[in-house]
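Student: dropping the sequence and predicted coords here.
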Amino acid sequence: MGLLLLSCESIPTTDICVSIPPQAYLVKRIAGKETPVTIMIPPGSAPPTYAPTAAQIRSLHECKLYIKNGHPDFHFEQKHVNPFLNEHPEILTVSMADKMNIIPGDAHIWLSPLFMRTAANRIYAQLLTLYPHREAELKSNLNRLVRDINILDRELIGSLKDIQGAEFLTLHPSWGYFARDYGIKQISIRHEHKGPSTQQLAKLMEHAKENNIHVIFVQKEFSSEPLELIAKEIGAEVIALDPLNENWLENMRNTGEALKKAMYVR
């Protein structure tokens, strides 16, 4: 079994568990902001290396609904969550990646408003199974959430339409779905958590100069060893983004603004 009950400490019972903070945002928008949600990978943690605490494992044993990322390359779930859920089929599940147009090797599906809109409807359906007496409330909350996601999507389309085809650098390939949704292109410095070779780095910097790329986006959970050299060589600004911010809607809006400001040709 992938997870063992390691602690009998007293903690509040949680009906709902999620892998990452943006999923908690969807749950609380639909079920109410006071709804207890256990987030398995908390803010500031690196999903590829994070291991659940004893308290989180206790919550997992008590949860009735688990919201999964579901991407085959989301290694935290493959190692720590899926084995447990396979042994507990009574736990309701939502898989965000199921039957979606996923990018191989890129598990950051929550950075697509289109994926999150579909996920919201899937979460609503399972919350309705869990709390059938709250149907009117859940449906009303879902409708408001979907409306807000649709407004965000239209805003991002309008905001980024003038930089269609523009390229930006990232330390890790985190923004592939966002880039695909809005017609821009992500170029990653690292792949599979490995840095580029000297030859690859030289080609990358040459490409950046030729294509007027002046921004490198990073996420705070990962180290950034090559960035100082690259940024200095190509005259780029390093901008920190937070893909795991729980205030998902506002974070996506802020991300769009950061991309728009940084990627206009100078």
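Tutor: Happy to help now that I have it.
Student: only C-alpha atoms for contact and neighbour calcs from this point on.
Tutor: Will do.
Student: spit out the contact partners of residue 142.
Tutor: By CA atoms under 8 Å, 6 or more residues apart in numbering, residue 142 lies in contact with 29, 30, 120, 121, 124.
Student: which of these ranks first by neighbour count?
Tutor: Greatest neighbour count in these, by other CA atoms under 10 Å, goes to residue 30: 25 neighbours.
Student: redo the contacts of residue 142 as JSON lines? Include distance to residue 259.
Tutor: Below are these laid out as JSON lines (distance: CA to CA, whole Å):
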{"residue": "29", "distance to residue 259": "26"}
{"residue": "30", "distance to residue 259": "29"}
{"residue": "120", "distance to residue 259": "25"}
{"residue": "121", "distance to residue 259": "28"}
{"residue": "124", "distance to residue 259": "31"}
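Student: pull the most distant pair out of those residues.
Tutor: 29 and 121 (11.7 Å; CA to CA).
Student: show me what contacts the residue nearest to the spatial centre of the chain?
Tutor: The residue lying closest to the centre of the chain (CA atoms, centre = their mean) is residue 110, at 4.0 Å. By CA under 8 Å, 6+ apart, the contact list for residue 110 reads 22, 23, 69, 116.
Student: ok, the third one to residue 99 distance?
Tutor: Separation of residue 69 from residue 99 (CA to CA, to the nearest Å) stands at 12 Å.
Student: who has more neighbours out of these two?
Tutor: Applying other CA under 10 Å to residue 69 and residue 99 shows that residue 69 carries more neighbours, namely 24 against 7.
Student: surely that one is in contact with residue 17?
Tutor: No. Residue 69 lies out of contact with residue 17 (CA atoms under 8 Å); the separation is 11.7 Å.
Student: count of neighbours near the closest residue to residue 189 other than its chain neighbours?
Tutor: With sequence-adjacent residues excluded and distances taken as CA to CA, 6 or more residues apart in numbering, residue 189 is closest to residue 171, at 4.9 Å. Per other CA under 10 Å, the neighbour tally for residue 171 reads 23.
Student: in this structure, where is pLDDT below threshold?
Tutor: Residues of the chain meeting the criterion pLDDT under 70: 1-13, 192-193, 220-226, 264-266.
Student: please enumerate the strands of it.
Tutor: Secondary structure of the chain (DSSP state E): strands at 16-18, 37-39, 65-68, 92-95, 167-170, 185-188, 215-219, 237-241.
Student: the first one - which strands sit beside it in the sheet, and in what orientation?
Tutor: The strands that strand 16-18 pairs with in its sheet are strand 37-39 (parallel), strand 65-68 (parallel) (by DSSP bridges).
Student: make TSV from those strands and add distance to residue 246 and mean neighbour count to it.
Tutor: Putting those into TSV (distance: least, CA to CA, whole Å; neighbours: other CA atoms under 10 Å) gives the following:
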stretch	distance to residue 246	mean neighbour count
strand 37-39	10	23
strand 65-68	15	23
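Student: mind putting those strands into JSON lines with distance to residue 83?
Tutor: Converted to JSON lines, the strands paired with strand 16-18 look like this (distance: least, CA to CA, whole Å):
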{"stretch": "strand 37-39", "distance to residue 83": "18"}
{"stretch": "strand 65-68", "distance to residue 83": "13"}
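Student: domain-wise, how is the protein divided?
Tutor: 16-157, 163-263 (automatic domain parsing).
Student: so which bits of the longest helix anywhere in the chain are buried?
Tutor: For the chain, the helix with the greatest residue count under DSSP state H is helix 135-160. Of all the residues in helix 135-160, those buried under the rule 16 or more other CA atoms under 10 Å are 138-139, 141-142, 145-146, 149, 152-153, 156-157, 159-160.
Student: most neighbours among the contacts of residue 110, which one?
Tutor: Neighbour counts for these (other CA under 10 Å) peak at residue 23, which has 26 neighbours.
Student: isn't residue 20 right up against residue 45?
Tutor: No. Using CA under 8 Å, residue 20 is not in contact with residue 45, being 9.7 Å away.
Student: picking that back up, if you compare the strands of the chain, which one is most tucked away?
Tutor: Each of the strands of the chain was scored by mean neighbour count; the highest is strand 16-18, a mean of 25, by mean count of other CA atoms under 10 Å.
Student: which residues sit against that strand?
Tutor: For strand 16-18, contacts defined as CA under 8 Å, 6+ apart pick out 24, 36-40, 59-60, 63-68.
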